[in-house]
Every structure is written in structure tokens, then in C-alpha cells.
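# turn this into a structure:
(one chain, ligands or ions: 2)
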Amino acid sequence: MSYVIVGSCVNDAVCTEVCPVDCIQPSPEARDFAHAEMLYIDPDACVGCNACAEACPVNAIYRIDQLPAQWAAYPEINAAFFRQGAKREPA
Ligand code: SF4
Ligand code: SF4
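Ligands and ions are numbered 1, 2, ... in the order given. Now for the predicted structure:
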């Protein structure tokens with residue numbers, strides 16, 4: 001079950017340090033990190049371990065089937081980031 005980052009993300013990248021499959025992007029090492037409005041989870045790579053949700057200091061990460069209605073647009077927003085080819089670009 002994939003997890004989703006929502007609009008209350010504050011870009012502190014804490015979640016990138018705990019993800020076992022490195023599917024939260026852009027990471028601080030990525031070229032586009034400095035310009036990112038928030039971070040995003042790759043729905044195809046996420047293994048649903050919950051580590052990111054436990055680590056997030058502002059509760060900006062939800063399991064997709066537990067997403068509050070106010071964030072309903074965010075599964076698509078997360079997935080769209082990876083379709084743009086922005087994944088894991090070198091610094
Ligand atoms: S649930 Fe686990 S695998 Fe999925 S983004 Fe969070 S830390 Fe990574
Ligand atoms: S830990 Fe939470 S606030 Fe920090 S980058 Fe990840 S989703 Fe955003």
C-alpha cells in the first residue's frame with residue numbers, strides 16, 4: 001500500500017533518511033531539491049513500510065487509503081512528479 005505526501009510538507013527531508021527504498025524525492029542530493037515545493041513518494045516504488053509517516057514531524061504523510069478528504073488531490077500530485085522524469089537526477 002503506497003503512502004502519499006500532502007501539501008503540509010515543510011521540505012525538511014527527514015523522511016528521505018528513513019525510506020528503505022529511496023523512493024521519496026527530490027532528496028537533498030538531487031538537483032531540484034532547492035526548488036521543490038514539497039517532497040513526493042513514488043507510488044510504484046513505495047513498499048508501504050510506514051517509516052516515513054512515523055518520522056514526519058508535521059504528519060504530512062498518509063497511507064493512501066487513509067488520506068483525509070482535504071488532501072484527495074495528492075496521490076496524483078505525487079505520481080505526477082515521477083512521470084515528469086524528475087526522479088533521482090544527479091546533483
Ligand atoms: S512507506 Fe516506507 S517505502 Fe513508502 S515512502 Fe514511506 S518509508 Fe518509503
Ligand atoms: S518528513 Fe514530512 S515534512 Fe519533512 S520532507 Fe518528509 S513529508 Fe515533508
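# need phi/psi at residue 63.
phi -70, psi 140 (degrees, to the nearest 10).
# what stretches of the protein score poorly on pLDDT?
For the chain, the stretches flagged by pLDDT under 70 are 85-91.
# now with 50?
Within the chain, the stretches with pLDDT under 50 are 87-88, 91.
# got a list of what the closest residue to residue 54 other than its chain neighbours touches?
Once flanking residues are discounted, residue 54 sits nearest to residue 18: 7.8 Å by C-beta to C-beta, 6 or more residues apart in numbering. From N, CA and C alone the C-beta is placed, and that goes for glycine too. Applying C-beta atoms under 8 Å, 6 or more residues apart in numbering, one finds that residue 18 lies in contact with 51, 52, 54, 55.
# residue 18 and ligand 1, how far apart?
6 Å (C-beta to the nearest ligand atom, to the nearest Å).
# before we move on, what about residue 15?
Distance of residue 15 to ligand 1, computed by C-beta to the nearest ligand atom: 7 Å.
# right, and that residue touches residue 61 too?
Yes: using C-beta atoms under 8 Å, residue 15 is in contact with residue 61, at 6.4 Å.
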